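Trainee: The sequence isn't on hand, but the structure is:
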């Protein structure tokens, strides 16, 4: 187990290192560079000045050398400043990470709370009308564009009914806990609806697979009631693959969060990355992307561990 | 399976019969054919209605449906119906082309991993898993924002109007090949152990020949299913990137970029936010049902959906 843990840990570090170089390289391919941006802000800068500035900031060095310098600084905890916000990147990212964690956490909880009973219900009566209907709705869930779903919810609840705010985190001037909660309703609903279809299908597939096992037939043959077999015997085993898939789904969920945050002007990581790239705030985008990758990798690692912990048959050597 | 007893029928005929029983998939196929025909005939519709998808008419903005503009006009006075049809061409073209490209990449990766196994398999599958697990959308946004001149694309191409079309096809294909790769790899792994592969080996066939002539034809069903299923995902990806302003660039209309301004206009012109979205939704769900139906038809052992 510990050897496996070490291997996986090293692997994750390797992926992170590769991704950091890839993202660093990609940032260099964005239109313009920091000096171009300075020039556009200050037309007095001559081309000699620009060349001198490039040399000063090391922008004329080969990419490997620049990456090396950046990595050295990053490893000592120096992540640099945001060009747009004029603040250390870390000061911006930590609150955004908290906001996204709140949005993702609530949506994931709600989605699972819906998907579990619904998926089990569908699997318990395969090919019934109920199963058919659930499948149809789940398919609709995985096929709807997240941003359009958000727009529809805004249209219904903010424009037509006028009961919920269309974006932001609180009424200007501060509105207290309930006000903040009201602002969370539509983003959380959007992200939940966008993921619950897929989750329901996972639960149904896993449960249906478990119900085909011999030990379920044995339990039934011994005269144990259907309900008890379903909830006591099948559920626990059916949940094992679901847990891993949920964790592996984290990258997808984060993508959904980016769209949701952008639409609802919710100040999370996704919106921060999007705004940073659109606003040529390369350093912020770089660190934010790496943080998102890191969080995802940790999620995957935890999923592997949870798998071994939940299923005693799995022993990693 | 009652059909299995019918003698003298080819596997494909059986599959066809099973597919026809899948009513949702049949209906989806019909919907997709209608959408494709309408999109392809967009210039014809524009000609018949005497409308131009790019014609700006600032005196007739936000018009409701009328005989001249069956679905009304948008914020620049352009005809919504004709733009939806032209947008359909783009979305379907991107979705299907990118899915095909993704499917070729995925098949190659899956075949190599499944056939050779061992270290190569481990490496390729780690790569696939890694890509699946990444937060894809932010990374695709970065890829979509890359300055083409900096990676040596000639200015003539980089500045052309249709470059956003090719760029988006490549980007979403790079993200979309993993499903196919996994399915193909799994199937290739079992096929490799079959006797006919041993026989081919014994007769002196090389690895390429065995993969291409003996294994690949047996993978047609899973490849078709996975490709169909990924069209839906790819259309979703294209639409969200276009919506965010990083995919198909105006003036080329796509269902995604037609929604870019919809949020600001949602108070004044909600219909503009509705039409493109419902078309994306219908197209994607149709491809998903189609893939589901094909799976049941082509792979009866996996009746579990």
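Mentor: Nice, thanks for sending it over. In this text the structure is predicted, and so the values were computed from the model without any measurement. Numbers count the residues shown, from 1 in each chain, chains lettered A, B, ... in the order given.

Trainee: Would you mind identifying the helix or strand in chain B with the lowest mean pLDDT?
Mentor: helix B:155-158 (a mean of 74; mean pLDDT, DSSP states H and E).

Trainee: Against which helices or strands is the helix or strand just after that one packed?
Mentor: Next along the chain after helix B:155-158, taking DSSP states H and E as the criterion, comes helix B:163-176. Secondary-structure packing of helix B:163-176 (3 or more C-beta pairs under 8 Å, 6 or more residues apart in numbering or on different chains; DSSP states H and E): helix B:80-116, helix B:136-145, helix B:220-243. Backbone N, C-alpha and C define where each C-beta goes, glycine included.

Trainee: OK, contacts around residue B:98?
Mentor: By C-beta atoms under 8 Å, 6 or more residues apart in numbering or on different chains, the contact list for residue B:98 reads B:168-170, B:172-173, B:176, B:234, B:238.

Trainee: So, low pLDDT: which residues of the stretch 1-150 of chain A?
Mentor: A:1, A:34 (pLDDT under 70).

Trainee: Quick one: the helices in it, in order.
Mentor: Taking DSSP state H, counting those that start in this stretch, the helices of the stretch 1-150 of chain A run over residues A:2-28, A:34-41, A:47-56, A:63-75, A:89-124, A:129-143, A:146-153.

Trainee: could you measure the residue lying closest to residue A:220 once chain neighbours are set aside against residue A:244, distance?
Mentor: Closest residue to residue A:220 apart from its sequence neighbours, by C-beta to C-beta, 6 or more residues apart in numbering or on different chains: residue A:229 at 5.9 Å. Noted for residue A:229: a distance of 24 Å to residue A:244, by C-beta to C-beta, to the nearest Å.

Trainee: now residue A:284
Mentor: Computed as C-beta to C-beta, the residue A:284 to residue A:244 distance reads 33 Å.

Trainee: if you count what's nearby, which of those two comes out ahead?
Mentor: residue A:284 (27 against 18; other C-beta atoms under 10 Å in any protein chain shown).

Trainee: For the more buried one, give me the pLDDT.
Mentor: Reported pLDDT at residue A:284 in the predicted model: 90.

Trainee: isn't it right next to residue A:272, touching?
Mentor: Yes. Assessed by C-beta atoms under 8 Å, residue A:284 is found in contact with residue A:272 at 7.0 Å.

Trainee: list the residues that contact both of the two?
Mentor: With contacts defined as C-beta under 8 Å, 6+ apart, the residues shared by residue A:284 and residue A:272 are A:92-93.

Trainee: Any idea which residue of the stretch 101-250 of chain B lies closest to chain A?
Mentor: At 3.4 Å from chain A, residue B:137 is the closest residue in the stretch 101-250 of chain B, using C-beta to the nearest C-beta.

Trainee: which residues sit in contact with that residue?
Mentor: Taking C-beta under 8 Å, 6+ apart as the test, what residue B:137 contacts is A:254-255, A:258-259, A:270, B:237, B:240.

Trainee: farthest pair in the residues you listed?
Mentor: With C-beta to C-beta as the measure, no two of the contacts of residue B:137 lie farther apart than A:270 and B:237, at 15.3 Å.

Trainee: Go ahead and flag the most central residue of the chain.
Mentor: Since you didn't name a chain, this refers to chain A. What sits nearest the mean C-alpha location of chain A, by C-alpha atoms, centre = their mean, is residue A:254, with 1.9 Å.

Trainee: Chain B is the one I meant
Mentor: Mean-position check on chain B, C-alpha atoms, centre = their mean. Result residue B:231 at 2.3 Å.

Trainee: List the contacts of that one.
Mentor: When contacts are counted by C-beta under 8 Å, 6+ apart, residue B:231 is found next to B:95-96, B:99, B:287, B:291.

Trainee: near chain B, anything from stretch A:96-104?
Mentor: No. Using C-beta under 8 Å from any C-beta of the partner chain, stretch A:96-104 never reaches chain B; the gap is at least 10.9 Å.

Trainee: How about that stretch, which residues are buried there?
Mentor: Neighbour counts over stretch A:96-104 (16 or more other C-beta atoms under 10 Å in any protein chain shown) mark A:96-97, A:99-100, A:102-104 as buried.

Trainee: Also stretch A:169-182?
Mentor: A:169-170.

Trainee: How far does that stretch stretch from one end to the other?
Mentor: 9 Å (C-alpha to C-alpha, to the nearest Å).

Trainee: And for that stretch, what's in contact with it?
Mentor: Residues from elsewhere that reach stretch A:169-182 (C-beta under 8 Å, 6+ apart): A:99, A:164-165, A:183-184, A:266-267.

Trainee: Quick check, pLDDT for residue B:195.
Mentor: For residue B:195, pLDDT reads 86.

Trainee: and residue B:251, how many residues sit next to it?
Mentor: Neighbours of residue B:251 under the rule other C-beta under 10 Å: 12.

Trainee: Report whether it is found in a helix, as I expect.
Mentor: No. Read with DSSP: H, G, I helix; E, B strand; the rest coil, residue B:251 is coil and lies in no helix.

Trainee: That one is in contact with residue B:54, isn't it?
Mentor: Yes. Counting by C-beta under 8 Å, residue B:251 touches residue B:54, with 5.6 Å between them.

Trainee: so where's the stretch 151-300 of chain A uncertain?
Mentor: By pLDDT under 70, the stretch 151-300 of chain A contains no weakly predicted segment.

Trainee: Enumerate the residues of the stretch 201-317 of chain A near chain B.
Mentor: Residues of the stretch 201-317 of chain A lying near chain B (C-beta under 8 Å from any C-beta): A:205, A:208-209, A:248, A:250-252, A:254-255, A:258-259, A:262-263, A:270, A:273-274, A:277-278, A:285, A:288-289, A:292-293, A:296-297, A:299-300.

Trainee: redo that, cut-off 6 Å
Mentor: Within reach of chain B by C-beta under 6 Å from any C-beta of the partner chain, the stretch 201-317 of chain A has these residues: A:208, A:248, A:251, A:254-255, A:258-259, A:273, A:277, A:289, A:292, A:296, A:300.

Trainee: Just the buried ones from these, in ChimeraX syntax?
Mentor: Only the buried entries of these go into this ChimeraX selection, using 16+ other C-beta under 10 Å:
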select /A:208,248,251,254,255,258,259,273,277,289,292,296,300
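
Trainee: one step back: pLDDT score assigned to the residue nearest to the centre of chain B?
Mentor: 92.

Trainee: Check the gap between it and residue B:283 for me.
Mentor: Taken as C-beta to C-beta, the span from residue B:231 to residue B:283 is 9 Å.

Trainee: same check, this time on residue A:61
Mentor: Residue A:61 is 48 Å from residue B:283, where distance means C-beta to C-beta.

Trainee: Could you do residue B:187 as well?
Mentor: Remark: distance between residue B:187 and residue B:283 (C-beta to C-beta) = 28 Å.

Trainee: And residue B:90, by the same measure?
Mentor: Distance from residue B:90 to residue B:283, by C-beta to C-beta: 12 Å.

Trainee: So for those two, which sits in the more crowded spot?
Mentor: Between residue B:90 and residue B:283, residue B:283 has the larger neighbour count (other C-beta under 10 Å), namely 27 against 24.

Trainee: hang on, that one is in a strand, isn't it?
Mentor: No. Under three-state DSSP, residue B:283 sits outside any strand and is assigned helix.

Trainee: residues in contact with it?
Mentor: Residues counted as contacts of residue B:283 (C-beta atoms under 6 Å, 6 or more residues apart in numbering or on different chains) are residue B:235.

Trainee: Nearest to chain B within the stretch 201-317 of chain A, name that residue for me.
Mentor: Here the residue of the stretch 201-317 of chain A nearest chain B is residue A:255; by C-beta to the nearest C-beta that distance is 3.4 Å.

Trainee: and that residue, that one's in a helix?
Mentor: Yes. If the criterion is three-state DSSP, then residue A:255 is within a helix.
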